[in-house]
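Chemist: Fold the following and give me the result.
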Amino acid sequence: MSLLHQLISSVAAAAPHRPAIIADDGSTIGYAEFDHQIRAVARWIASRTEPGDRVAVIADNSPAYAVLYYAVPLGGRVLTLINQRLSPAEQAAQLETTRPALILGDTVYLDALPQIDSVAFSSPAWRDAVSIAAAASDDHAEAQPDDPAWLLFTSGSTGVPKGVVHSHRSILAAVHGTVEGRSVTPAGVYLLPFPMCHIAGYNMLVQHAVGATVVLMSRFRPESFAALVRTHGVRSCSLAPTMLHALLAHLESTGTTLPTLEAVAYGSAAMPLDLLRRAIEALGVEFHQGYGMTETGGNVTFLGPDDHRAGAAGHPEVLVSAGHPHSGVEIGIVDADGAPLPPGGIGEIVVRGAQVARGYWPDRPSTVDGWLHTGDIGRLDHTGRLFVVDRLKDIIVTGGENVSSREVEDVLSGHPDVDMVAVVGVPDDYWGEAVCAVVVPVPGRNPRPDDLIDHVRSAIAAFKRPREVLFVDELPLTGNGKIAKDRVRDIARTALTA
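Modeler: Sure thing, here's the model as predicted:
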């Protein structure tokens, strides 16, 4: 039995009929049945693969996806999470890198992939796998705490997403850290609207660790979200600020409320103060923020409800903070040479703890002397509270999704009308940040913004497309000839607010 599976088996023994998963179509799986399906699928996967093999999943959120979170690692295989919102070419590149022995998922995504052994959730083979009668003993390999369990991809701060490998131990450490940092309610009902291919999916394990029920949304829609909260008496959830914005607009337009909702957690982007104030007034719930990343398996710092109330009541500086670390991690700030900085010093944020990933696929370490260098710039105050100041990586956080500016630049550079291009994030009231392309056209060419946007959309995921395109005669350069991104951001923000 793996460390991750113990989260389910312990609740299954104590409360077998308590709902573990509720799908957005209303179907429910109790903890005992969920445990049965996990064991059955683990045996079925073991019959088709070898220990250490990667088993990929490309799908929308569903009970089958939830089963794989536990079943693949239980049998000593590595669950490889592929974002279903990526283009088929991007998905194929990640599959080529990881070379899974088996791919599982939704037919609509599998049909667009290269010819690799795959099984759709709608197929008889999958239904047979889930319904295999429970055996007296499990005949698959026993997974060890430091064995790889999950392989999932970053957004690609250098243009190419990195595969992050988490062990059973690191995932469980992240789960326990969040249980501590967020005061998760035992036996509550939690709604997960984020795609399970993201590290945000670990929130399902957080809830299962305390025996709660998890309601899964296949895709976020505000009207569906509100309906699920009312139908199932949802008490807590996770939302990106853009999701919260859409939810509030829906509630305001319909004149409805969500009386059972008690807590909202967010962490994919900073919460605008005006949005927070509106949400507190409309929902009357507690808010929790967390700071973390794929390499940390989840959040490492937490900003609690009291801080949010203070921020909304006239102390917005509190909301600039990412909060305090939980007891299982250490947070430090280092200068360019890696030397520690005292409280108040601004430098790179580094993290040390059991929840830090074991490495990057296939065999690169994720830490230096035990510390994960996050690529984010920040500072610590005298109480140990973390403030994230800026990013070393050119990552744009738009609608809860991370977009690598270099990846978008590489695509635009291939357009025949583009001479030079820099892609930056600009403030946006709805998306948090919007992708903005600042373009120097080829002399004599006059590209249209829509043509460039369509060009990006045709090559990579739609959420990475620019929402703004500006044309300039030249891009500002540094002394060594590199594009000065800080000056490009100033140009873009000035132009868009003029």
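Chemist: just so I have it, where are all the strands in the stretch 201-350 of the chain?
Modeler: Under the criterion DSSP state E, counting those that start in this stretch, the stretch 201-350 of the chain contains strands at 213-216, 236-238, 263-266, 286-293, 298-303, 321-325, 329-334, 347-353.
Chemist: Could you say which of those strands is packed most deeply?
Modeler: Most buried of the strands of the stretch 201-350 of the chain, by mean neighbour count (mean count of other Cβ atoms under 10 Å): strand 298-303, with a mean of 28. Heads up, the C-betas are built off the backbone N, CA and C, glycines and all.
Chemist: quick one: it to strand 321-325, angle?
Modeler: Strand 298-303 and strand 321-325 are oriented at 110 degrees to each other (axes from the mean of the first three to the mean of the last three Cα atoms, to 10 degrees).
Chemist: Quick one: residues in contact with strand 298-303.
Modeler: Contacting residues not belonging to strand 298-303 are listed as 174-175, 177-178, 181-182, 199, 202-203, 206, 267, 288-292, 318-319, 321-326, 329, 331, 351, 353, 355, 386 [Cβ atoms under 8 Å, 6 or more residues apart in numbering].
Chemist: Let's verify Glu96: helix, strand, or coil?
Modeler: Under DSSP: H, G, I helix; E, B strand; the rest coil, the three-state class of Glu96 is helix.
Chemist: In contact with the residue most central in space within the chain, which residues?
Modeler: Closest to where the C-alpha atoms of the chain average out (Cα atoms, centre = their mean) is His198, at 3.4 Å. When contacts are counted by Cβ under 8 Å, 6+ apart, His198 touches 81, 83, 152.
Chemist: Pro100 now?
Modeler: Pro100 neighbours (Cβ under 8 Å, 6+ apart): 53-56, 80, 116.
Chemist: Now, of these, which are buried?
Modeler: Neighbour counting with 16 or more other Cβ atoms under 10 Å marks 53-56, 80 as buried within those.
Chemist: Just give me the closest of those residues to Val11.
Modeler: Checking the buried ones among the contacts of Pro100 against Val11 by Cβ to Cβ gives Val55 as the nearest, at 24.3 Å.
Chemist: What's opposite that closest one in the beta bridge?
Modeler: Val55 has these beta-bridge partners by DSSP bridges: Leu79, Leu102.
Chemist: Spatially, what comes nearest to Val440 if we skip its sequence neighbours?
Modeler: Spatial nearest neighbour of Val440, excluding adjacent residues (Cβ to Cβ, 6 or more residues apart in numbering): Met420 at 4.1 Å.
Chemist: Just the buried positions in the helix or strand where the one you found lies, please.
Modeler: Applying DSSP states H and E as the criterion places Met420 in strand 418-428. Neighbour counts over strand 418-428 (16+ other Cβ under 10 Å) mark 418, 420-426, 428 as buried.
Chemist: circling back to that earlier point, next step: the contacts of His198 restricted to strands.
Modeler: Secondary structure from DSSP state E places 81, 152 of the contacts of His198 in strands.
Chemist: Let me have the contacts of His198 in JSON lines, adding distance to Val403 as columns.
Modeler: Listed next are the contacts of His198 as JSON lines, based on distance: Cβ to Cβ, whole Å:
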{"residue": "Leu81", "distance to Val403": "18"}
{"residue": "Asn83", "distance to Val403": "12"}
{"residue": "Leu152", "distance to Val403": "17"}
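Chemist: mind listing the helices for the stretch 351-498 of the chain?
Modeler: The residue ranges that make up the helices of the stretch 351-498 of the chain, judged by DSSP state H, counting those that start in this stretch, are 405-413, 449-459, 485-497.
Chemist: Let me know which of these is tucked in deepest.
Modeler: Stretch with highest mean neighbour count among these: helix 405-413 (a mean of 21; mean count of other Cβ under 10 Å).
Chemist: How far away from the center of its chain is that helix?
Modeler: Offset of helix 405-413 from its chain centre (Cα atoms, centre = their mean, to the nearest Å): 22 Å.
Chemist: The buried residues of strand 418-428 into JSON lines, with extra columns for pLDDT and distance to Phe220?
Modeler: Converted to JSON lines, these look like this (pLDDT from 0 to 100; distance: Cβ to Cβ, whole Å):
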{"residue": "Val418", "pLDDT": "92", "distance to Phe220": "33"}
{"residue": "Met420", "pLDDT": "87", "distance to Phe220": "36"}
{"residue": "Val421", "pLDDT": "91", "distance to Phe220": "31"}
{"residue": "Ala422", "pLDDT": "91", "distance to Phe220": "31"}
{"residue": "Val423", "pLDDT": "92", "distance to Phe220": "25"}
{"residue": "Val424", "pLDDT": "93", "distance to Phe220": "26"}
{"residue": "Gly425", "pLDDT": "93", "distance to Phe220": "21"}
{"residue": "Val426", "pLDDT": "93", "distance to Phe220": "24"}
{"residue": "Asp428", "pLDDT": "92", "distance to Phe220": "18"}
